[in-house]
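*Asks:* Turn this into a structure:
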Amino acid sequence: MQYCTKCRQLNEDKITVCSNCKRTRTLRPVKDNDSVYLMTCHKFEAEEIASVFEENGVKHTVEKYSLGVIQSPFDSRNMKDDQNIYVDYSDIEAANAVLQKYDEGKEEETVPDDMPRGKRIALDIIGIVLFMIIVSLVVFASDYVANGLRNFFNRAEIGMIKELCSWLII
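*Replies:* You can find the predicted model right below:
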């Protein structure tokens, strides 16, 4: 395996350019104590994985994810609090085995949806209809209030004109 000293990614032996950072001069054969990129994940998940690695004696480091450039707030691939997890090359197989057990444990924690599909669709339709009714009521109420205010000011305006006319006649 070839190791990139810049981005710490592993590459195939026949590769001459790093598949991640596209550098040629940073590739060399991997050593057992090299810190190898394993994954990028959210801060909280990185903390969980780090604790699982510590329990299982896997040598690792967790570092803040960095693109090296200003990240767009609309790019959802990586968030600003994501973390990179690096593992010693000598522990990479153990790390993958621990991650596999960790993922299996997370899958067991998920609660299956007990609601039948037809009932869920019916509740969605009822929710949409109720939302449309509420929006219609708000629109009608605002129209009613606007018409009432317009009539009030029209009457007040007519009353002021009559009062002005009576003053002019006197």
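
*Asks:* Let me see the ranges of the strands in this protein.
*Replies:* 2-4, 10-11, 27-29, 35-42, 60-64, 82-88 (DSSP state E).

*Asks:* Take the ones you listed and lay them out in CSV including distance to Val98, mean pLDDT and mean neighbour count.
*Replies:* No exception for glycine: its C-beta is placed from N, CA and C like everyone else's. Below are those laid out as CSV (distance: least, Cβ to Cβ, whole Å; pLDDT from 0 to 100; neighbours: other Cβ atoms under 10 Å):
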stretch, distance to Val98, mean pLDDT, mean neighbour count
strand 2-4, 22, 86, 22
strand 10-11, 18, 86, 18
strand 27-29, 26, 87, 13
strand 35-42, 11, 87, 17
strand 60-64, 10, 86, 15
strand 82-88, 10, 88, 20
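
*Asks:* In CSV: those, plus distance to Ile49.
*Replies:* Shown next, in CSV, are these (distance: least, Cβ to Cβ, whole Å):
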stretch, distance to Ile49
strand 2-4, 22
strand 10-11, 19
strand 27-29, 27
strand 35-42, 7
strand 60-64, 8
strand 82-88, 6
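
*Asks:* who wins for proximity to Leu123 among those strands?
*Replies:* strand 35-42 (30.8 Å; Cβ to Cβ).

*Asks:* what pairs with the closest one, and is each one parallel or antiparallel?
*Replies:* Paired neighbours of strand 35-42 in the sheet (DSSP bridges): strand 82-88 (antiparallel).

*Asks:* residue boundaries of the helices in the protein?
*Replies:* 43-55, 92-109, 117-169 (DSSP state H).

*Asks:* what's the least confident stretch among those helices?
*Replies:* Of all the helices of the chain, the minimum mean pLDDT falls on helix 92-109 (a mean of 80).

*Asks:* which secondary structure elements does that helix contact?
*Replies:* In this structure, helix 92-109 makes packing contacts with strand 35-42, helix 43-55, judged by 3 or more Cβ pairs under 8 Å, 6 or more residues apart in numbering; DSSP states H and E.
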